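[1] sequence and predicted structure, then a few things I'm wondering about:
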Amino acid sequence: MQPIIRVQDLSKLYFLGGPTAAYSTLRESLMNVARRPLGFLRRPAEPQTLWALKDVSFEVEPGDVVGIIGRNGAGKSTLLKILSRITEPTSGRVELYGRVASLLEVGTGFHPELTGRENIFLNGSILGMTRKEIEAKFDEIAAFAELEKFLDTPVKRYSSGMYVRLAFAVAAHLEPEVLIVDEILAVGDASFQKKCLGRMRDVASTGRTVLFVSHNMAAVSSLCSKAMVLWEGKVEYPLGNVEDAVQSYLTQVHQITKTKLADRNDRTGDGRMRMKHFGSFDDDGNELEYLATGQDVEFRIYYSTVAPNVKNIVVGIGITSNTGAFVSLLSSELVGHPVESIGEEGFFSCKVTKLPLAPGSYTVSLIIRSSETIIDWIQQAATIVVEPGDFFGTGRLPPSSHGGVLLEQEWSAVSERVRMLY
Amino acid sequence: MQTFRLPAEPLVVIQPSKRWSLLSFSDLWAYRELLFFLTWRDVKVRYKQTALGAAWAILQPLFMMVIFTIFFGRLAGVGSSGIPYPLFALAGLVPWTFFSNAITASGNSLVGSANLITKVYFPRLIVPAAAMLAGLVDFVLAFLLLCLMMVYYRVPVTAQVLFLPVLVLLTALFGLAVGTWMSALNVKYRDVRFALPFVIQLWLFVSSVILPSSSVPQKWRWILLFNPMSAIIEGYRSALFGLPFDWPALGIASVLTVLTLLYAIYSFGRVERSFADII
């Protein structure tokens, strides 16, 4: 079948700082000339570059619902930005055989001073609808957002929930041949999210093509008919079967978590401190390879510092399930245990009693930050494997289909004549 | 299940653009509704949460007129070509205010729309253009004040007023040209935001707003030819008060306007493709 999107050898190079800094003031430019009057004769210093995308090729057929999977920084957003014509590729070519609308954000161009009604028109027009289209769908949009009563209120008086509903309602009524969606489903309350997912399914079922970017494997699995995996700017798993793509992604994540933390270079932060190792320990200080549900465990993050006097830091451990759903956040800030000063080397210890995670494998992201800056941050830093353990003291665990999180519970039966209140 | 037929040729091809890429007029035309909506937004939002609202459009030139009359009115004398000085000054201030607001608004427009530019595609030229067009509403309001003043001073209207639309077009295009150029510079050099008000103030003094170009010594008058605004503003006075037009000066102003506009579009186009990465 003829593709509706054809991407050939698409590459995008970004300059990070260096001679072509993000933006400069005239003074800096003049100073540069003054400092090195003959600078233009010299070869410019090698700027730091990054291939956000490298030789990416794929074809999408009409009616496909394509999931693009990858970690943050894998090039997903860059790919979307190029397909939406926001930024230009450095090389390569894309052919689009249909009208494309992209939703990299909901509510683009919303103006707080304008009313809901006015913003529907403005936003619709920005997203590429004609005035006639907007007029024709206006009532439907207002109904979808459940905001009929507030159409003449300035958007600045809306609650954030109302704002998002209105924004998504406009977006949901776009009728392009190709819809490009960034992870906007992470917004709004649960019931609204459900509505949005439903709407995307509707769009897909009318034979339209959808490109959906996510790192939520569950959403990709349930929505998409095909998927591909991007890894550090390259196609890691070519467009194809969703289950296999998800599996390939998980394997990749698992692979990278085996690299020593000290050697990981996919980290962000000012480098004042570096995390060297993450491990789980038992009460006696023995490092554990596997954890058991219900066990007392101590997580340790080993670090070294470059600048000794790092003060007031927050340490966090984010735990994500296999499917990409966030499970829990452990953070020294949450429990009010600020880390005030530390030595040059050592470890941060976080003790969890009676680990309530159901058996399975989890990925852990680690962050050390001060109140304003990130000091060291590694996503998907490690995997923890939780084996079945005796959480309840009964030797029983919920079936794996009903895993999730285990809660302490007490049951009793109370005999009492219940008046039929319910 | 295919609900539409795929075209044989791609609707859009995305690839690195060439250095000398031409402005795509078909693209601009396709997005004309967005131009309308962005202009409409700027008009709607401009006087939100101000006590006096759109009256500001009239108050700005009005106060300037009063100040100029107090300080320069006596200087003018014969210089204001027999026109009462307040009217003379206002006829210059109304187009000048339009022009200076146009370059300020469009000069800052791109940086101000960063969140739009990094999220949706549309021809970027629409942003400074909409900022300029939104000023037209103010211009019309201020122009009404000018008409009232003309009635008050009983200045007869001649057939020369028919030339006014051409002058408005010229002002708008020159404002767009300078504003577009500034907006592109602003992306790279945020100095523009600070330099622009200053430049505008200086520019006012060499644009025949306060005193007629005839008050400039003959020896130096040729310098004014390099400033299209001077000829355009004198043009407004000629059209409104039935004075003779200075055709050579207007001709040069038109040529300069077109050249500035072409240069502005060229330099805008050069930065356009990297806007989203820089902003």
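    Nice, thanks for sending it over.
[2] residues from the stretch 101-250 of chain B in reach of chain A?
    Taking C-beta under 8 Å from any C-beta of the partner chain as the contact definition, the stretch 101-250 of chain B meets chain A at B:115-122, B:187-191. Yep, even glycine has a C-beta here, placed from its N, CA and C like the rest.
[3] next SSE downstream of the helix or strand bottoming out on mean pLDDT in chain A?
    Across the helices and strands of chain A, the lowest-confidence element by mean pLDDT, DSSP states H and E is helix A:26-35, at a mean of 64. With elements assigned by DSSP states H and E, the helix or strand that comes after helix A:26-35 is strand A:48-60.
[4] are that next one and chain B in contact anywhere?
    No. Using C-beta under 8 Å from any C-beta, strand A:48-60 never reaches chain B; the gap is at least 10.3 Å.
[5] buried ones in that strand, by neighbour count?
    By 16 or more other C-beta atoms under 10 Å in any protein chain shown, the buried positions in strand A:48-60 come out as A:51-54, A:56, A:58, A:60.
[6] how far is that strand from where the chain is centred?
    19 Å (C-alpha atoms, centre = their mean, to the nearest Å).
[7] so in that sheet, which strands flank it, and in what orientation?
    strand A:5-16 (antiparallel) (DSSP bridges).
[8] list the buried residues for the partner strand?
    Buried residues in strand A:5-16, defined by neighbour count with 16+ other C-beta under 10 Å: A:5-7, A:10-12.
[9] quick one: residues contacting A:P176.
    A:P176 is in contact with A:98-101, A:128, A:208, counting by C-beta atoms under 8 Å, 6 or more residues apart in numbering or on different chains.
[10] ok, now with 7 Å
    Residues in contact with A:P176 (C-beta atoms under 7 Å, 6 or more residues apart in numbering or on different chains) are A:99-101.
[11] just give the nearest non-adjacent residue to A:G70, would you?
    Distances taken as C-beta to C-beta, 6 or more residues apart in numbering or on different chains place A:L230 nearest to A:G70, at 3.8 Å, with adjacent residues excluded.
[12] got a list of contacts for the helix or strand where the one you found lies?
    Taking DSSP H and E as the criterion, A:L230 maps to strand A:226-231. With contact meaning C-beta under 7 Å, 6+ apart, strand A:226-231 is reached by A:58, A:64, A:66-70, A:74-76, A:220, A:235-240, A:242, A:245-246, A:248-249, A:252.
[13] now do that strand, average pLDDT.
    Averaged across strand A:226-231, pLDDT comes to 92.
[14] tell me the strands beside it, with direction?
    Applying DSSP bridges, strand A:226-231 is found paired with strand A:65-69 (parallel), strand A:234-240 (antiparallel).
[15] what about the contacts of A:P176, which one has the most neighbours?
    A:V100 (23 neighbours; other C-beta atoms under 10 Å in any protein chain shown).
[16] which residues touch it?
    A:V100 makes contact with A:83, A:176, A:178, A:180, according to C-beta under 7 Å, 6+ apart.
[17] tell me how far the residue lying closest to the second one once chain neighbours are set aside lies from A:E345.
    What that stands for is A:P176. Using C-beta to C-beta, 6+ apart and skipping residues adjacent in sequence, the residue nearest A:P176 is A:A101, 3.7 Å away. Between A:A101 and A:E345 the computed distance is 53 Å (C-beta to C-beta, to the nearest Å).
[18] can you check B:F245 too?
    B:F245 sits 83 Å away from A:E345, going by C-beta to C-beta.
[19] of those two, which one has the most company?
    Set side by side, B:F245 and A:E345 show more neighbours around B:F245, with 15 against 11, by other C-beta under 10 Å.
[20] now do the helices in the chain.
    Just so you know, I chose chain A. A:26-35, A:76-83, A:116-126, A:131-145, A:160-172, A:190-205, A:217-223, A:242-258 (DSSP state H).
[21] that's the wrong chain, I meant chain B
    Assigned by DSSP H, chain B shows helices spanning B:25-30, B:32-46, B:55-76, B:85-112, B:114-117, B:126-152, B:164-188, B:191-205, B:221-224, B:228-241, B:247-272, B:275-278.
[22] and the second one, anywhere near chain A?
    Yes. Part of helix B:32-46 sits close enough to chain A to count as contact by C-beta under 7 Å from any C-beta of the partner chain, namely B:33-34, B:37, B:41, B:44-45.
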